[in-house]
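[1] Quick one, fold the following:
(2 chains)
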Amino acid sequence: MWEYTDKVKELFLNPKNAGVIEDADGVGEVGSMACGDALKLSLKINDEGVIEDARFQTFGCASAIASASALTELLKGKTVEEAGKITNQEIADYLGGLPKEKMHCSVLGQQALEKALADYRGEPPKQEEEGEVVCECFGVTDRQIEKAVRENNLATVEEVTNYTKAGGGCESCHDSIREIISRVRAEKQPKTRPRMSNIQKIRLIEETLENEIRPALKQDGGDIELVDVIGNRVLLSMRGACAVCKASEQTMKNFVEGKLQELVLPELVVEEVRT
Amino acid sequence: MKTVYLDNNATTRVAPEVVDAMVPYFSELYGNPSSAHRFGGQVAGKLNEARERVAALLGAEPGEILFTSCGTESDNTAVMSALATNPGKRHVVTSRVEHPAIRTLGQHLAERGYEVAEVPVDGEGMLDMDRYAGSLRPDTAVVSLMWANNETGVIFPVEEAARMARDQEILFHTDAVQIAGKVPIRLKDSAIDMLSISGHKLHAPKGIGVLYVRKGTKFSPYLIGGHQERGRRGGTENTASIIGLGKACELAGANMERENTEVRRLRDKLETGLTDRIPNSKVNGGDAKRLPNTTSISFEFVEGESILLMMDEFGICASSGSACTSGSLQPSHVLRAMGIPFTMAHGSIRFSLSVYNTEEEIDFVIDKLPPIIERLRSLSPYWDPSKAA
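    Numbers count the residues shown, from 1 in each chain, chains lettered A, B, ... in the order given. A predicted model of the protein is given here:
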């Protein structure tokens, strides 16, 4: 049985904004019955470009229905420009998180939104931009995989499958997915790093802890605190579940240090201090 | 909230009589049956009694009954023993709809140089007997076919399949986990060499299984250890569970008539009640010979996990062959092997009954499920009420 949050259950059992808008200004349809989930999103947008109403129809599991409902809640009252910036992670966050195998439900919502906004702007479906199909089983393109990897910082084929379904069928595309992951992740590494002042470095470390590291630790009931930065030594203290977790040393070395080296400075070394 | 348990192919309630039979072997009669003293020795006598009861249900000799830890261990032991005792033969025959205990083992063997043939089934889930006959070869070490399917309840003609294998001197194993206790079995009169059952599917506890090995069949143990089970399976006997399983087999024999009258009647009532009230619904394998307690029904245009969660709000327990339920992204391999369209497979629900189910429970489900399907269909972009069949 899936561990759904109360918010997922609430929006599944009593979904908000289910249905279609008859004279919609933008409609986006994604997924298919063969894939196991599908979403039709319709938007009512006023002359000022503000989304007055958003409605959904979903074929899918509880988290697909809840994600679609969450998306419509997020959209109402936003301008088209603001709506265009909504990421799948925001949909998942609105729900208090989704099981990792179900993250593709939030991606489905984001894709439907993109299509509905393109439809509103009167843009034709962009075949070229949609890219080439990598996963034949679920009809997932290289562009969709790239986007998911980039926006969610995915590193493994399994993660890509959880977010996009790509690779979840016959598995023959796993090598192609691996190539896409390394390509996208290579792009993310800036070629030359400008010299950083100490203050800039500390700020960037704090930012990385907040945005990249803490959310992952919090999923397991843990937390982390920055104690000090001495040269390239980053002194950290584990909190919550991490403080008593036997694997925390591994987490510190592999995950925390890896992230800081990747996003701040390759020379950084983390040290755990007990306070 | 009352629980309406219709998921008996997943696991069953331990019968109260079985619990009563087991309790003393946790407390005052905790001895090891292998011990030399009478305190342990008295338990050995009880194990023999349990072995006789299991043998009676299967129409076998007590000496042919081997206790294991579960159905999966029994299945694995059977196939691995057949391969170990036939080292020159590198071909295995099974079907496309087997339980993971055989199917995943087959994939594992295929990665290690064995050739594994999966015989297909037709749209009703019936084994393609011509293809089966064609798959048997001089280098086939073992055939393993499930007797009844866990998802659809469809019954394979394993007795006939076993005779065909014997004619070519091929060992034959069947996974009888779902059928034991529901249909009479007489292994004495069959050509089946090995057969697996699992305690928790017939009102015994989890963690106990049986492998029947026909007398005279060459055997190679899977768990190497002590002399228990006459050297065929090392490990101290799970005494309480073995005794519980003996009791459960005795009860199953006594209840078999009810399974085929009362339970079948309730299953049929549920099936017709739901398919009559819900448009675009269909029984999977409905035209095949099936277990009396199982029905797999597909509801078009909705997804199984959603149905399960909404039923859960009413305390109704069932299973689904949909992709989302399992966490894999494709619907059940059984429904896919049957060629059930994806539109139907994603919305499949399996109900499996037991002798503990009541008429009120079935009426409750017939009352609660149609509005659930209607509600989910009203959310679905594919549902068009005007096109309802």
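
[2] Chain A versus B:Gly225, what's the distance?
    31 Å (CB to the nearest CB, to the nearest Å). (C-beta placed from N, C-alpha, C; glycine too.)

[3] Equivalent analysis for B:Ala84, please.
    For B:Ala84, the distance to chain A - CB to the nearest CB - is 30 Å.

[4] ok, and the closest non-adjacent residue to that residue?
    B:Ser220 (3.7 Å; CB to CB, 6 or more residues apart in numbering or on different chains).

[5] Just give me the neighbour total for that neighbour.
    As a burial measure, B:Ser220 scores 14 neighbours (other CB atoms under 10 Å in any protein chain shown).

[6] any chance you could map the strands in the stretch 1-150 of chain A?
    A:26-32, A:37-45, A:51-59, A:133-135, A:140-141 (DSSP state E, counting those that start in this stretch).

[7] Any chance of CSV for these, columns mean neighbour count and mean pLDDT?
    Below are the strands of the stretch 1-150 of chain A laid out as CSV (neighbours: other CB atoms under 10 Å in any protein chain shown; pLDDT from 0 to 100):
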stretch, mean neighbour count, mean pLDDT
strand A:26-32, 20, 91
strand A:37-45, 24, 94
strand A:51-59, 24, 96
strand A:133-135, 22, 88
strand A:140-141, 22, 88
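
[8] between those strands, which gets nearest to A:Lys16?
    strand A:51-59 (9.3 Å; CB to CB).

[9] hmm, back to that, I'd say the residue nearest to B:Ala84 and B:Ala78 touch.
    No - assessed by CB atoms under 8 Å, B:Ser220 is found out of contact with B:Ala78, at 10.5 Å.

[10] rewinding a little: for the strands of the stretch 1-150 of chain A, give me CSV that also has distance to B:Val4.
    Below are these laid out as CSV (distance: least, CB to CB, whole Å):
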stretch, distance to B:Val4
strand A:26-32, 32
strand A:37-45, 28
strand A:51-59, 26
strand A:133-135, 39
strand A:140-141, 39
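
[11] out of these, which comes closest to B:Gly123?
    strand A:26-32 (22.5 Å).

[12] Pull up the pairing partners for the closest one, direction included.
    strand A:37-45 (antiparallel) (DSSP bridges).

[13] Spit out the contact partners of B:Phe314.
    B:1, B:4, B:364, B:368 (CB atoms under 8 Å, 6 or more residues apart in numbering or on different chains).

[14] Give me the three-state assignment for B:Asp130.
    helix (DSSP: H, G, I helix; E, B strand; the rest coil).

[15] Return the helix or strand in chain A with minimum mean pLDDT.
    helix A:127-130 (a mean of 56; mean pLDDT, DSSP states H and E).

[16] go on, chain B?
    Per mean pLDDT, DSSP H and E, helix B:323-326 ranks last in chain B, at a mean of 65.

[17] which element follows that helix toward the C-terminus?
    Per DSSP states H and E, helix B:323-326 leads on to helix B:333-337 as the next helix or strand towards the C-terminus.

[18] just checking, what packs against the helix or strand just after that next one?
    Next in sequence after helix B:333-337, counting helices and strands by DSSP H and E, comes helix B:342-345. In this structure, helix B:342-345 makes packing contacts with helix B:333-337, judged by 3 or more CB pairs under 8 Å, 6 or more residues apart in numbering or on different chains; DSSP states H and E.

[19] Please name the residues that touch B:Gly123.
    By CB under 8 Å, 6+ apart, the neighbours of B:Gly123 are B:338-340.

[20] Redo those residues as CSV? Include pLDDT, distance to A:Glu210 and neighbour count.
    Output for those, formatted as CSV (pLDDT from 0 to 100; distance: CB to CB, whole Å; neighbours: other CB atoms under 10 Å in any protein chain shown):
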residue, pLDDT, distance to A:Glu210, neighbour count
B:Met338, 95, 51, 27
B:Gly339, 93, 52, 12
B:Ile340, 92, 48, 24
